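# from the sequence below, what's the structure:
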Amino acid sequence: MTQQAASTSWAYPKVDRRCRPRWQTDLPARLFARAAASGCRVRDISQGGARVVTEARVDEDEIVVLELDEIDPLAARVVHLSDGTVGLMFLYDRDQRRQVVDWITPKLTG
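Coordinates of the predicted model:
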């Protein structure tokens, strides 16, 4: 690979593959992983998942629980890790999805 090709391969912007709108926020929350609770900050959240900043030690594909003050605890799979930021994909049933949708929708449209 030439140096030119190597440098231009990084020039492409990242594509946001999420299919649901995200709500940018800075909410305090708790992340339960490996039978321990850690404080975290929710930086964005959608119907399908969240991005949190935490010092908790987690691994990709680990199942964790995110606890926010206003809704029931949400089970999630760790899908991304980067410098203290954890990407979560929610794992929930229809009733929990409705609760999240009802909680987020006014924030996205308001």
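# residues near the nearest residue to residue 91 once chain neighbours are set aside, how many?
The spatial neighbour of residue 91 that comes closest, neighbours along the chain excluded (Cβ to Cβ, 6 or more residues apart in numbering), is residue 75 at 4.7 Å. Using the backbone N, CA and C atoms, a C-beta is placed for each residue, glycine as well. Number of residues near residue 75 (other Cβ atoms under 10 Å) recorded here: 15.
# shouldn't residue 75 be within a strand?
Yes: assigned with DSSP: H, G, I helix; E, B strand; the rest coil, residue 75 falls within a strand.
# beyond the host helix or strand of residue 42, next helix or strand please.
For residue 42, the element it lies in under DSSP states H and E is strand 36-45. Using DSSP H and E, the helix or strand that follows strand 36-45 in sequence is strand 49-54.
# I'd like the average pLDDT over that following strand.
Averaged over strand 49-54, pLDDT sits at 96.
# now do stretch 21-32
91.
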